[in-house]
Each structure stands twice: as structure tokens, then as C-alpha cells.
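# No sequence on hand, only this structure:
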């Protein structure tokens, strides 16, 4: 008995997106209470050459849906990066989770040794290396940075919100 | 064929610590070149109530060694949080990696269903839930936040440094 590629990817992404939605809800609630324009949060970044909150969420979405599509061998839906509000970012997360839930777990069978093409074919990795060395670290990078941007802007969330309850 | 608990934990941690060491080296080199006191980086944080760089690295170390020790059922070495310089933080990472490498992969066999005790016994999780729902997200949280602190302070590193080469 061991871990399937499916359980190390899709439920992990879905869980983290659920936590991120709750964090965004808290940020919206605090914005309303404190008279902060939520737009300043959507556009906030930690360094001039880092992506703002919106971009971090879009990249988390792309990383999760790209991993699901590549590993399972299904079409990767294109989500254009048009989100500019909390409501649109939350809808992007919902759409991403809906796609992840639509992939049958059986489609991941054997994907640990499957060749995954990245950067328009410039890089080829087997499924396990792609998931463990790229997709998971990259996914958590963007979710954590989204959280960190909100903390940096004074939103009162904590690590427990990021981890969620188990 | 699937993924073992070992390969989803220990090599993932070791790889990420290697990337983090290279990021710290770049931060040190840039500090020297630009006349920045590295101490300001060690003490930097993204919010007044978040841990500084030193604390982020100490928590990444604790998360990785705690996961290795709990899953494999070996003693968790105590590393007191005394690091206050880049050299000491880099040595803490080296010591952590050395411990992770010392655990035999066979010790992780069957740990996906093993009961893992957290918060002094207040929480019990099976090994797979502990790893996928707590240890991995928490580990990447602290490594990403360490990186983000350096980016926020103007250190010229990029996502590729965080991901490393595959």
C-alpha cells in the first residue's frame, strides 16, 4: 500500500483552494469592516517585480489544473487571466475546483511514469518528478504568497487558516 | 505502482532545502555587493506578527524533521532556535538535511496508515493525512515565506531559484 498520484495531487489542491476561499472571505469581511478598498488588496504585491494577489491566484489555478490535465491526459481548460475583483478571483477558484473534481481518479493510474511535457516541449519529466518537484512546490508557492500578501496588508488571518482543519 | 510515503516526503524536503541554501547564498552575495547588512535580512518579516526570516527557516526545519521522525518512528532531534546569522541558519539547514538522510527509507513502510500524534496528543492523524494535509503544506509555507521575505527586501532571486532545476 502506498499513495496514488491522484491522492497526492487533486484532493491536496482542492483542500488548499477551500482554505484559500475562506481566507479571501475573511479579507473581504475585514475590508468591509475597516473601510479598506478590496481593490488595493487584489493589486497588492510583496515586491515590484512579483505578481499581485490576482496573479498569485491565477498561477495557483493554472498549476493545479495543468497538473490534473497533464497527469490524467485530459484537455486543460483555458482560463484567461481576466479577473480583477475578489468575486472574479473566487469564481476562478470555483471553476478550477470544478474542473479538478471532473477528472476521474482512474485517469491518473500509471501517470507516475508517464512523460510530461513542459515549456512547449523544452522539458520532459516523468509524472512523479513533475508532481513532486514542480507542481506541488509551485502550487503551494502561489497559495502561500497570496496569503502572505494579505498578511502584509494587515488582514487578520493566521497559519491555521492556511492549513485548514484536519 | 504508486508513490511511497518516503519519496513524497524526504527527497522533497531535501531538494527544497538545497534550493533554499542557494537562495541564501545569493542573498549573502548581493548583501556583500550592495553593502546591505545581512542581519537586516535575518530579522526581516512581512508583517509585525509574522516570523522573521530566521523563524521561517527554523519552522521549515522543524516541519521536515518532525515529519521524518514521526512517519519513520525515530527520535526527533531537538534543534534549539538559537540561530541569529546566515551562517547559523545555513548550518541548521545542513543539520536538518543530514538527519533526513540518516533515516532509512524502509522505516517509512506502512506509515500511511500509522497514527501520528500532534500538539501533544490533542490531534491524531493517519500518516497520509498528516503528510499531505499538514507537513507538506506547512513545509512549503515556510520555505516560500523565507523566499518572499528576501524578495520583499530587494534580493534578486526568482521563482526558478525556488523551484530549482529538474
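Yep, that arrived. Please read these numbers as outputs of a predicted model, since none were measured by experiment. Numbering: from 1, shown residues only, chains lettered A, B, ... in the order given.
# could you give me the average pLDDT of stretch A:111-126?
Confidence for stretch A:111-126, expressed as mean pLDDT, is 92.
# now stretch A:71-79
97.
# And residue A:13, how far from residue A:58?
14 Å (C-beta to C-beta, to the nearest Å). Placement of C-beta: from N, CA and C, glycine included.
# could you check whether stretch A:37-47 is close to chain B?
Yes. Shown here: stretch A:37-47 in contact with chain B (C-beta under 8 Å from any C-beta of the partner chain) through A:46, A:47.
# Endpoints of that stretch, how far apart?
20 Å (C-alpha to C-alpha, to the nearest Å).
# Please name the nearest non-neighbouring residue to residue A:18.
Spatial nearest neighbour of residue A:18, chain neighbours left out: residue A:164 (6.6 Å); criterion: C-beta to C-beta, 6 or more residues apart in numbering or on different chains.
# Okay, the one you found and residue B:164: tell me how far apart.
Between residue A:164 and residue B:164 the distance, using C-beta to C-beta, works out to 27 Å.
# now the longest helix along chain A: how far from the chain's centre is it?
For chain A, the helix with the greatest residue count under DSSP state H is helix A:5-34. Helix A:5-34 sits 9 Å away from the centroid of its parent chain (C-alpha atoms, centre = their mean, to the nearest Å).
# Contact partners for whichever residue of chain A sits closest to chain B?
Ranked by C-beta to the nearest C-beta, the top residue of chain A for proximity to chain B is residue A:140, at 3.5 Å. Contact analysis of residue A:140 by C-beta atoms under 8 Å, 6 or more residues apart in numbering or on different chains lists A:16, B:136, B:137, B:140, B:141, B:144.
# The second one against residue B:9, yeah?
Spelled out, it's residue B:136. Yes. At 7.5 Å, residue B:136 counts as touching residue B:9 under the criterion of C-beta atoms under 8 Å.
# Looking at those two, which is more packed in?
residue B:9 (27 against 24; other C-beta atoms under 10 Å in any protein chain shown).
# coming back round to it: quick one: pLDDT of the residue of chain A closest to chain B?
So residue A:140 comes in at 98 (pLDDT).
# same thing with residue A:55?
Residue A:55 is given a pLDDT of 98.
# For the residue minimising distance to the centre of chain A, pull up the helix or strand it's in.
Note on chain A: the residue nearest the mean C-alpha position is residue A:60, at 2.8 Å, using C-alpha atoms, centre = their mean. Per DSSP states H and E, residue A:60 falls inside helix A:53-72.
# Tell me what angle that helix forms with helix A:5-34.
Interaxial angle, helix A:53-72 versus helix A:5-34 (axes from the mean of the first three to the mean of the last three C-alpha atoms, to 10 degrees): 160 degrees.
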